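S.K.: 3D model of this:
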Amino acid sequence: MMTSELTELLAIARDGLGARAERPRKVLIAGAGMAGLAAALALLRAGHEPLILEAQQRVGGRVQTLREPFTDGLYAEAGAMRIPRAHVLTLAYVEQFGLSVSPFTMANPQGYYYLHGQKHRIAEADADPARLQFEFGAHEHGKSCGQLWEAALQPFVSMLEAEGEAAWESICAQYDQYSTREFLEMNRWSEGAIEVFGLLQNQEALMNSSFLELLREELGRCYTDMVEIDGGMDRLAWAFLPELKGHLRFGARVVAVDQTDDGVTLHYETAAAGRASVTGDYAILTLPFPVLRHVETLKPFSRPKQRAIRQLYYDASAKILFQCGRRFWEEDDNIFGGGTITDLPIRNVYYPDHGRETGRGVLLASYTWSEDAQRWGSLSHGERVKEALDDLAEIHPQIKDTFETAASKVWHDDPFAGGAFALFDPGQQTLLHEAIVAPEGRIWFAGEHTSLTHAWIQGALESGLRAAAQIHRHGEHAA
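M.R.: Okay, the predicted model is just below:
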């Protein structure tokens, strides 16, 4: 079900902000991630003059496709790697730019569970959960972890069916205080069932995060019927450039923000000219809050905004990627797409659908979050590769003979990101969200952290269009 706001944003993406601006405004945008690109394009098409300042030499932010050090024809996603078909706003841009997509295989029964030193095909273990030798409570006997989870979600499904999107207000009021672990305990799950859920649903490292984060993804069908952009996810970001190329300045790192009653000034640094500044009528700051915290605000933000910038939690994330000389997971193990889950430090392995025409493939050898990712971030790239190779070899011994090169990405160590994505702690939606999204004078805020669709391209696009629409309206009504 689409909310009325999403319907409005979808119309903006397709048809624009409405009537062209009678009084065009100069709008400064900090950051050329998906939020900044969407905002800039909408404003430009409405007759305004956007200018994006981007510290790096690329667009996309946490949409980053790696083509090096891999051989020709191969690539891998350091950041966003999939789009749910339920994310209609993201797919509207994909369609608008004429990009093609292919299915992203999320789950594959031919993959493995490698737990406690034993390897099981997912299909076999799901058919006979006793193989995994976890101890469930007496009240849980005869039920799979999936059945328990479906039963726990059913009351929310029923509420949404009966009340529509209005149900979220009461859901949030009642459940914002709970972590996922606390929610499961409240539903009388045994420790064995909680452990199985954490391992098999990739939630173990996220158990102390807000339950609402997981609930939104589950009810929003974020992990079913998914696609990937052919040729790399960064093609979506680059597709904005033909129209925006004259409105974007690379290598310009914003270091300070100032505003008056009449305008906003962004101070920035470049490698060639040192410190410079630019002034506009409005500004949109899309920088993640860990980055924004290190940007000087010459006219301080309100105390609620300052608190939100300090306190909003960002999760850690790490990926380790291996180029392999042959696709042994397909040739030897009959695994075409999907993933393997393990309790080894690598935790999650994903098998690529793309690249088959090369005979090679870039395996996502490890995808981790939170505490699981923190450990990988503390290692050098070489140490990550060595340890991940040893882990993966326990599941796929062929990796030792087929490994060719590797890449790794640790988002919480990236100075331009400061984390992988915003992820509410229990209670933070109630405490912080209103302050996160509120404008400060002539400054608006965008980025996935200002949406409730954290960690997804859709959230970034929503926030960018929302900020652009508000500035467009404000500019037309301002004296």
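S.K.: where does the protein have low pLDDT?
M.R.: 1-2, 475-479 (pLDDT under 70).
S.K.: which one's the longest helix in it?
M.R.: Counting residues, the longest helix in the chain under DSSP state H turns out to be helix 457-477.
S.K.: What is it packed up against?
M.R.: For helix 457-477, the elements it packs on are helix 4-15, helix 34-45, helix 88-96, strand 282-285, strand 443-445, judged by 3 or more CB pairs under 8 Å, 6 or more residues apart in numbering; DSSP states H and E. For every residue, glycine as well, the C-beta is placed using N, CA and C.
S.K.: Just name the most buried of those.
M.R.: Among the helices and strands packed on helix 457-477, strand 282-285 has the highest mean neighbour count (mean count of other CB atoms under 10 Å), at a mean of 29.
S.K.: What are the contacting residues of the helix or strand that that strand is followed by?
M.R.: Moving toward the C-terminus from strand 282-285, the next helix or strand (DSSP states H and E) is helix 289-292. Contacts of helix 289-292 with the rest of the structure, by CB atoms under 8 Å, 6 or more residues apart in numbering, involve 285, 308-309, 312, 314, 415-419, 422, 436, 449.
S.K.: Separate out the buried members of those.
M.R.: 285, 308-309, 312, 314, 416-419, 422, 436, 449 (16 or more other CB atoms under 10 Å).
S.K.: Just those residues: which are in strands?
M.R.: 285, 314, 422 (DSSP state E).
S.K.: could I get these as CSV with distance to E77?
M.R.: Below are those laid out as CSV (distance: CB to CB, whole Å):
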residue, distance to E77
L285, 26
Y314, 19
A422, 20
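S.K.: Next, the buried residues of stretch 285-294.
M.R.: 285-292.
S.K.: How about stretch 355-365?
M.R.: Across stretch 355-365, burial judged by 16+ other CB under 10 Å covers 355, 360-365.
S.K.: Out of those, which comes closest to V59?
M.R.: Ranked by distance to V59 (CB to CB), the buried residues of stretch 355-365 are led by V362 at 22.1 Å.
S.K.: in what helix or strand does the closest one lie?
M.R.: strand 361-369.
S.K.: May I have the distance across stretch 280-287, first residue to last?
M.R.: 18 Å (CA to CA, to the nearest Å).
S.K.: Kindly apply the preceding question to stretch 316-336 instead.
M.R.: 28 Å.
S.K.: Just the buried positions in that stretch, please.
M.R.: In stretch 316-336, counting by 16+ other CB under 10 Å, buried: 316-324, 327-330, 333, 335.
S.K.: Which of the residues in the longest helix of the chain are classified as buried?
M.R.: 457-469, 471-472, 475.
S.K.: Then stretch 255-275?
M.R.: Neighbour counts over stretch 255-275 (16+ other CB under 10 Å) mark 257-259, 263-268 as buried.
S.K.: Give me the subset of the residues you listed lying in strands.
M.R.: Reading strands off the buried residues of stretch 255-275 with DSSP E, I get 257-259, 264-268.
S.K.: could these go into a markdown table alongside distance to H116?
M.R.: Formatted as a markdown table, these follow (distance: CB to CB, whole Å):
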| residue | distance to H116 |
| --- | --- |
| V257 | 52 |
| D258 | 58 |
| Q259 | 58 |
| V264 | 57 |
| T265 | 59 |
| L266 | 54 |
| H267 | 55 |
| Y268 | 53 |
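S.K.: Can you pick out the most distant pair from the residues you listed?
M.R.: Farthest pair in these, by CB to CB: Q259 and Y268, 15.2 Å.
S.K.: which one of the buried residues of stretch 285-294 is nearest A78?
M.R.: P288 (15.7 Å).
S.K.: The closest one contacts Y314, doesn't it?
M.R.: Yes. Assessed by CB atoms under 8 Å, P288 is found in contact with Y314 at 6.7 Å.
S.K.: any shared contact partners between the two?
M.R.: 418-419, 422, 449.
S.K.: about what we covered before: which one of the ones in strands among the buried ones among the contacts of helix 289-292 is nearest G377?
M.R.: When those are compared against G377 (criterion: CB to CB), the nearest one is Y314, at 13.0 Å.
S.K.: how near is that closest one to L91?
M.R.: 26 Å (CB to CB, to the nearest Å).
S.K.: ditto for L431
M.R.: On the measure of CB to CB, L431 and L91 end up 33 Å apart.
S.K.: And G361, by the same measure?
M.R.: 26 Å.
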